[in-house]
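[1] turn this into a structure:
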Amino acid sequence: MSELREKALELIDQYINNENLKKHLLATEALMRALARKFNENEEIWGIAGLVHDIDWELTKENPEKHSILGAEILEKEGFPKEIVDAVRIHNHIHNLEPKTLLEKALYSCEEMTGFIVAVALVMPNKKLSEVTVERVMDKFKEKSFAKGANREIIKKCEELLGIKVEELAEICLKAMQEISDQLGL
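    Model (predicted):
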């Protein structure tokens, strides 16, 4: 395990108590690593960005306008690379900050897909990721009443920002999450 990932996990233990949120962070790390491989980017940097993107969630849950701003400040103070700090700052769409780098665009448009896939898994008979298919994800994606908390408009931005269809994002995300299903408890 890299020194940076170790530091990230220590911060998560320090700032995050909710086990489901920890699982979301692990799922986002897996997704971001898979996207880094697809785009020939730095898998470690992208993965760590996914792993720490919601580091301030529990501190800012009553003030969503502070979410990601405080997280970026924490990471900057802890000496994380600027590209991770910037991606974390920008990922909260409430701020209307325009993602510029490929890393920023990926974290901004893709991280909500992890929660959507968890929601799909939880309505499967055995509540397992192994039961989920891309077709099932896409069928549920079209159902407006399903997993209303997942912002489909932000997820759809992967098409313009990354040049990949939502279906391809679903496939990449599902495969990445299935590879760590034991850690996710799904």
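[2] where does Lys148 land on pLDDT?
    At Lys148, the pLDDT value in this model is 89.
[3] repeat for Asn92
    94.
[4] what helices and strands are in contact with the helix or strand harbouring Glu58?
    Here Glu58 sits within helix 57-60, counting by DSSP states H and E. Secondary-structure packing of helix 57-60 (3 or more C-beta pairs under 8 Å, 6 or more residues apart in numbering; DSSP states H and E): helix 69-77. C-beta here means a position set from N, CA and C on the backbone, and glycine is covered the same way.
[5] so what secondary structure elements neighbour the helix it packs on?
    Short answer (3+ C-beta pairs under 8 Å, 6+ apart): helix 69-77 packs on helix 3-15, helix 57-60, helix 82-90.
[6] can you pull the buried residues of the last one?
    Right, helix 82-90. Of the residues in helix 82-90, 83-90 count as buried by neighbour count, 16 or more other C-beta atoms under 10 Å.
[7] could I get these as TSV with distance to Ala147?
    Putting the buried residues of helix 82-90 into TSV (distance: C-beta to C-beta, whole Å) gives the following:
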residue	distance to Ala147
Glu83	30
Ile84	28
Val85	29
Asp86	28
Ala87	24
Val88	23
Arg89	26
Ile90	23
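[8] the residue in the chain sticking out farthest from the centre: what secondary structure?
    Farthest-out residue of the chain from its mean C-alpha position, per C-alpha atoms, centre = their mean: Pro125, at 25.1 Å. With DSSP: H, G, I helix; E, B strand; the rest coil as the basis, Pro125 sits in coil.
[9] that one touches Glu131, doesn't it?
    Yes: counting by C-beta atoms under 8 Å, Pro125 sits close enough to Glu131 to count as a contact (6.8 Å).
[10] send the alpha carbons of the helix holding Glu58 over as CSV?
    Extracted in CSV, the C-alpha atoms of helix 57-60 (Å, rounded to 0.1, in the frame of the first residue of the first chain):
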residue,chain,number,x,y,z
TRP,A,57,-19.2,14.8,4.6
GLU,A,58,-20.0,14.3,8.3
LEU,A,59,-18.6,17.7,9.2
THR,A,60,-20.7,19.5,6.6
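[11] on that earlier part again, of the buried residues of helix 82-90, just say which sits nearest to Glu41.
    Distance to Glu41 across those (C-beta to C-beta) is lowest for Glu83, with 10.0 Å.
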